[in-house]
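**Student:** fold the following for me, if possible:
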Amino acid sequence: MSGHSKWHSIRRSKGVTDQRRGQLFTRLARDVTLAAREGASGDPDMNFRLRLAIDKAKQGNMPSDSIQRAIERGLGKSGEGNLEETIYYEGYGPGGVALLIEAMTDNRNRTSSDVRSTLTKNGANPGEPGSVAWMFEQKGLITIELAGTKLDPEEVQLQVIDAGAEDVEVSESTLEVYTEWTDLNNVRQALQEQKLPITGADRTMRPKTLVQLNEKDSLLVMRLLEKLEDLDDVQNVYSNLDISDDVAAQFDDS
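**Tutor:** Numbering: from 1, shown residues only. You can find the predicted model right below:
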């Protein structure tokens, strides 16, 4: 399992969720709004990114009327202020780990201040634009949960590769299927036709290589990731940290 995905599995096991922080619907609505705006369409059949955002919102139990309001906002049909386009901040965490921070905001100054302050207070350094982004690649990510099924993981791997997947990572009962971002829709549809248990399909920024740190620095980075993701304007935080099972267990118990 990739470092980014393992990190979010840890967050879920700790019970540190967007639902508890009251941020889930806000983040989901932003995704829907920007997808509608960038695709210039409120029709999910004509706007694949919007389809992904709506599916994710429904998985998060977001009410249909809230989804529709977010679409209308993206199309400029509401009186609400518009969010800016997605903004990326870059930096280096403890041990030199690369950090790529994705935010959506209506106030760049506020968001920049919050991100920089969180980085510097937690042993990290803000980076110049482009200093870190080159270490990541935009990919499609499809998650298949095999727990509770009789499916053979090896057979499923062959199925997803035949469907056009670029890479597959296996961890216990979960398969992470990576695709070129532009191929995500086709691969997802092919897997749906095979009735595989897809639990998520989204865009991700995948590190080209992972780095291993000692236990102390790994825990410092994970605490930093947690604080960054707790910022209101931050949607996602990507890193190239390779999280070992031992460190994950320690953080999970902290």
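
**Student:** can you give me the strands in the stretch 151-254 of the chain?
**Tutor:** 167-171, 174-180, 198-207, 234-239 (DSSP state E, counting those that start in this stretch).

**Student:** who does the last one pair up with?
**Tutor:** The strands that strand 234-239 pairs with in its sheet are strand 98-103 (antiparallel) (by DSSP bridges).

**Student:** do the same with the third one
**Tutor:** Strand pairing for strand 198-207, using DSSP bridges, gives strand 136-145 (antiparallel).

**Student:** which ones are touching the nearest residue to L225 once chain neighbours are set aside?
**Tutor:** Excluding its sequence neighbours, the residue lying closest to L225 (CB to CB, 6 or more residues apart in numbering) is V237, at 5.4 Å. Backbone N, C-alpha and C define where each C-beta goes, glycine included. Taking CB atoms under 8 Å, 6 or more residues apart in numbering, we find V237 in contact with L99, L100, I101, E102, L225, L228, E229.

**Student:** quick check: the second one touching M205?
**Tutor:** When you say that, I think you mean L100. Yes - if you go by CB atoms under 8 Å, L100 and M205 touch, sitting 5.7 Å apart.

**Student:** anything in contact with each of the two?
**Tutor:** F136, Y238.

**Student:** show me where this protein has its helices.
**Tutor:** Ranges of helices within the chain are 3-14, 18-21, 24-39, 48-59, 64-74, 108-121, 153-162, 184-193, 215-229, 245-253, based on DSSP state H.

**Student:** out of those, which gets nearest to W134?
**Tutor:** Closest to W134 of the helices of the chain, according to CB to CB: helix 3-14, at 17.0 Å.

**Student:** so can I have JSON lines of the strands of the stretch 151-254 of the chain showing mean pLDDT and distance to I142?
**Tutor:** As requested, the strands of the stretch 151-254 of the chain are arranged in JSON lines below (pLDDT from 0 to 100; distance: least, CB to CB, whole Å):
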{"stretch": "strand 167-171", "mean pLDDT": "86", "distance to I142": "10"}
{"stretch": "strand 174-180", "mean pLDDT": "91", "distance to I142": "4"}
{"stretch": "strand 198-207", "mean pLDDT": "90", "distance to I142": "5"}
{"stretch": "strand 234-239", "mean pLDDT": "92", "distance to I142": "17"}
